[in-house]
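Student: Provided below are the primary sequence and the corresponding predicted coordinates.
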Amino acid sequence: MRDIVPHPAPPSDTHCTPEQYDVMYRRSIEQPDAFWLEQAECLDWSRKPAKGGEWSFDPPQIAWFADGRLNLCHNAVDRHLPSRGDAKAFLFEPDDPSTPTRSLTYRELHAEVVRMANALKTLGVRKGDRVTIYMPMIVEGAVAMLACSRIGAVHSVVFGGFSPESIAGRIMDCESRFVITADEGLRGGKAVPLKANVDAALDLPGVAVDGVLVIPHTGADVPMRAGLDHWYADLASDADCPCEDMAAEDPLFILYTSGSTGKPKGVLHTTGGYAVWAAATFRYTFDYQPGEVFWCSADIGWVTGHTYVTYGPLLNGGTSLIFEGVPNYPDHGRFWQVIARHEVAIFYTAPTAIRALMREGSRWVTPHARSSLRLLGTVGEPINPEAWRWYHDVVGEGRCPVVDTWWQTETGGHMITTLPYAHDMKPGSAGRPFFGVEPLLVDAEGTPVTGDGEIEGNLCIARSWPGQARTVHGDHARFTEAYFSTFPGKYFTGDGARRDADGYWWITGRVDDVINVSGHRMGTAEVESALVLHPKVAEAAVVGYPHDIKGQGIYCYITLMEGNEGSDDLAAELRQWVRKEIGPIATPDHLHFTDGLPKTRSGKIMRRILRKIAENDYGALGDTSTLADPTLVDRLIEGRQND
Ligand code: 6R9
């Protein structure tokens, strides 16, 4: 029997009671256009849309509010000036708690966004241009995003932990001619050489941009290249900078995310539908009320940071906290100290962080006041019930509802989530579908799995929603292939799921070759390509395996070029190599040198077997008779056991 934790009584000002959810959900499915056009009224449009969704999944062609016009920065910032100009838009908590915090009112944010937008214009950025943002978690990161949307430029934020190689790949893929970066970032007391990484990226063959805007943050002395690099202060100006009038379907941003094959895909979101989705999900999922401090601990380099650090909170006139640091610096109480210091009402983080902090013990939590907390949220991976319990009971003192939000870079915002005062909670379940979301389970052949009882299968979404990604930048065929070809006519999420008899959804994890390491998506193919670039590596096969803190760890099987031997030194070298190629988040957890990889006679690597061996689960290897060399399996098992 699974746990049920009843939702707290709905406050009088809640956006959604249990009864309202049923009515609204039904309407969102039966009359989607009317429902979403009504939701769209929470935004200012220079031309109000009359059209709702116009879409097909076979072939995929998606538009929402296509006849509407608006500017996202106007909606996130300018619109609030008359009524909330003095309200706080952003609070900033630095990496080092002894250095000053900062806050910006909507009026101050507006001035800053105008300055940055003017700087971009002076640099030569025009509507439709792609701008790469490689920034630490400081206010200027969000300002850079807003400045782009103000002038109609398309931002491509690259996580500050990615390597020069990864930056270069993303700059080239979307033909971005401009970069916004900072001298350095700070994380856990260490400087992150952002500007130097951009320099190194631009030194790689085939990478060229027209201008780099550099924001001073630590004050480090960084070399500036004449004609290319510009200090922010030299280009910024307070001149009037009107918001560019955009069509709802004009591109807003590109964000690279890992898939099961090839290089990361540049997922493209457009303006109107994304804005409505970000605004509505933020409002309902967190039941946000004016004046509350909202803190999403994700980096703006991930979609969670896009939608719930920057756009969702500001579209609701909310106050969003930006934290530059890490959970365990200077000590394991850092998150809770930040919550106490800024009187955070809503805290949104990843299960991996909760597990890591839970391991350190409740004694790090309890000294810090958490009376400001009203609601807790999780995102990025399934949460194990034990961690859920600790989060709810210890962090939330048993009084705060926990929302477990399932969604993806491609979905723009929440898709399946508990609503805090409408749904009872089941620890480990993401709850019920958000408005307009119609989840569907299919079996391996694509046949829908139906029934009133518990059902399980591949998680698809049957119909479009406003926040859905429209394409993969520059490669619509890849968009079709990745999301709409496995099960034609449906959007395939890549996740497996179970729906229980109460209509609650339980995400069981990826069913493709994507692994989820500390809530970050990683294509096994990306790690493999990085490994085989090393001169001593002949072949590599990478799989995920259970990891106590990270959820999944990265397990690499490696065969070496003739004349080389596996050793601890080589293992350390390969770890370093992958960090350099992709970034620290891709650091292999386990390297397994082998004389061969299990392949079918047609040469296909049997990953199923590699996954089982990595999991130390030898009973369930299944049929190994189709292997070209069946004896290899015993040697692999032996290798695993000797570790
Ligand atoms: C928002 C984000 C998406 C993948 C997704 C799934 C996993 C995210 C989850 C979850 C279980 C949750 N995922 N939230 N699994 N429960 N609440 O994380 O986007 O980086 O694109 O990752 O993350 O596997 O398919 P993204």
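Tutor: Happy to help now that I have it.
Student: hey, let's count contacts and neighbours off CA atoms from now on
Tutor: Fine.
Student: Check the offset of stretch 525-533 from the chain's centre.
Tutor: 22 Å (Cα atoms, centre = their mean, to the nearest Å).
Student: Show me which residues of it are buried.
Tutor: Buried residues in stretch 525-533, counted by 16 or more other Cα atoms under 10 Å: 525, 526, 527, 528, 529, 530, 531, 532.
Student: Turn those into JSON lines, columns for distance to residue 3 and secondary structure.
Tutor: Listed next are the buried residues of stretch 525-533 as JSON lines, based on distance: Cα to Cα, whole Å; DSSP: H, G, I helix; E, B strand; the rest coil:
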{"residue": "525", "distance to residue 3": "38", "secondary structure": "helix"}
{"residue": "526", "distance to residue 3": "38", "secondary structure": "helix"}
{"residue": "527", "distance to residue 3": "38", "secondary structure": "helix"}
{"residue": "528", "distance to residue 3": "40", "secondary structure": "helix"}
{"residue": "529", "distance to residue 3": "43", "secondary structure": "helix"}
{"residue": "530", "distance to residue 3": "43", "secondary structure": "helix"}
{"residue": "531", "distance to residue 3": "43", "secondary structure": "helix"}
{"residue": "532", "distance to residue 3": "46", "secondary structure": "helix"}
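Student: quick check, nearest of those residues to the ligand?
Tutor: residue 526 (15.1 Å; Cα to the nearest ligand atom).
Student: Contacts only, for residue 377.
Tutor: 346, 347, 348, 349, 402, 403, 404, 405 (Cα atoms under 8 Å, 6 or more residues apart in numbering).
Student: Neighbours of the second one, how many?
Tutor: Right, the one you point to is residue 347. 22 (other Cα atoms under 10 Å).
Student: Touching, it and residue 376? I think so.
Tutor: Yes - proximity of residue 347 to residue 376 meets the contact threshold set by Cα atoms under 8 Å, at 5.0 Å.
Student: Quick check, pLDDT for the residue lying farthest from the centre of the chain.
Tutor: Farthest-out residue of the chain from its mean C-alpha position, per Cα atoms, centre = their mean: residue 563, at 42.1 Å. As predicted, residue 563 sits at a pLDDT of 93.
Student: helix/strand/coil for it?
Tutor: coil (DSSP: H, G, I helix; E, B strand; the rest coil).
Student: residues in contact with it?
Tutor: Shown in contact with residue 563 (Cα under 8 Å, 6+ apart): no residues.
Student: do the same with residue 245
Tutor: Per Cα under 8 Å, 6+ apart, neighbours of residue 245: 46, 69, 70, 71, 152.
Student: Any idea which residue of the stretch 201-350 of the chain lies closest to the ligand?
Tutor: residue 304 (5.3 Å).
Student: Leaving out the residues flanking it, which one is nearest to that residue?
Tutor: residue 298 (6.0 Å; Cα to Cα, 6 or more residues apart in numbering).
Student: where do the helices sit along the stretch 1-150 of the chain?
Tutor: Applying DSSP state H, counting those that start in this stretch to the stretch 1-150 of the chain gives helices spanning 18-30, 32-40, 72-76, 81-84, 106-123, 139-151.
Student: returning to that earlier point: so which of the buried residues of stretch 525-533 comes closest to residue 502?
Tutor: The shortest approach to residue 502 among the buried residues of stretch 525-533 belongs to residue 525, at 37.5 Å (Cα to Cα).
Student: so how far is residue 71 from the closest residue to the closest one other than its chain neighbours?
Tutor: Counting by Cα to Cα, 6+ apart, residue 525 lies nearest to residue 261, which is 5.8 Å off, once chain neighbours are set aside. Applying Cα to Cα, to the nearest Å, the value for residue 261 to residue 71 is 35 Å.
Student: Filter the contacts of residue 245 down to the buried ones and hand me the PyMOL line.
Tutor: Only the buried members of the contacts of residue 245 end up in this PyMOL selection, burial being decided by 16+ other Cα under 10 Å:
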select buried, resi 69+70+71+152
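Student: Quick one: the contacts of residue 245 as CSV, columns for distance to residue 292 and pLDDT too.
Tutor: As requested, the contacts of residue 245 are exported to CSV (distance: Cα to Cα, whole Å; pLDDT from 0 to 100):
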residue, distance to residue 292, pLDDT
46, 29, 98
69, 30, 98
70, 27, 98
71, 25, 99
152, 30, 98
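Student: The contacts of residue 245 in strands, which ones?
Tutor: Among these, the members falling in strands (DSSP state E) are 69, 70.
Student: can you tell me which of the contacts of residue 245 are up against the ligand?
Tutor: When contact is defined as Cα under 6 Å from any ligand atom, the contacts of residue 245 do not meet the ligand at all.
Student: of the contacts of residue 245, closest to residue 362?
Tutor: Nearest member of these to residue 362, counting by Cα to Cα, is residue 71, at 45.1 Å.
Student: residue contacts, the closest one?
Tutor: By Cα under 8 Å, 6+ apart, the neighbours of residue 71 are 45, 149, 150, 243, 244, 245, 246, 271.
Student: likewise residue 386?
Tutor: Residue 386 neighbours (Cα under 8 Å, 6+ apart): none.
Student: ok so it is a helix residue?
Tutor: Yes - assessed by three-state DSSP, residue 386 belongs to a helix.
Student: And it, what's its pLDDT?
Tutor: 93.
Student: next one: the one 10 residues further on
Tutor: According to the prediction, residue 396 has pLDDT 98.
Student: so how many other residues sit close to it?
Tutor: Count around residue 396 with other Cα under 10 Å applied: 21.
Student: Contact partners for it?
Tutor: 370, 373, 374, 375, 376.
Student: same thing but at 10 Å, please
Tutor: 347, 370, 371, 372, 373, 374, 375, 376, 389, 390, 402 (Cα atoms under 10 Å, 6 or more residues apart in numbering).
Student: Show me the two of those that sit farthest apart.
Tutor: 372 and 389 (19.4 Å).
Student: one step back: pull the most distant pair out of the contacts of residue 245.
Tutor: Spatially, the most separated pair among the contacts of residue 245 is 46 and 152, at 14.6 Å (Cα to Cα).
Student: What's the nearest residue in the stretch 101-250 of the chain when you look at the ligand?
Tutor: residue 159 (11.7 Å).
Student: confidence score at the spatially closest residue to that residue that is not a sequence neighbour?
Tutor: Nearest residue to residue 159, sequence neighbours excluded (Cα to Cα, 6+ apart): residue 301, at 3.9 Å. The model reports residue 301 with a pLDDT of 97.
Student: which SS state does residue 301 fall under?
Tutor: Quick answer, by three-state DSSP: residue 301 is coil.
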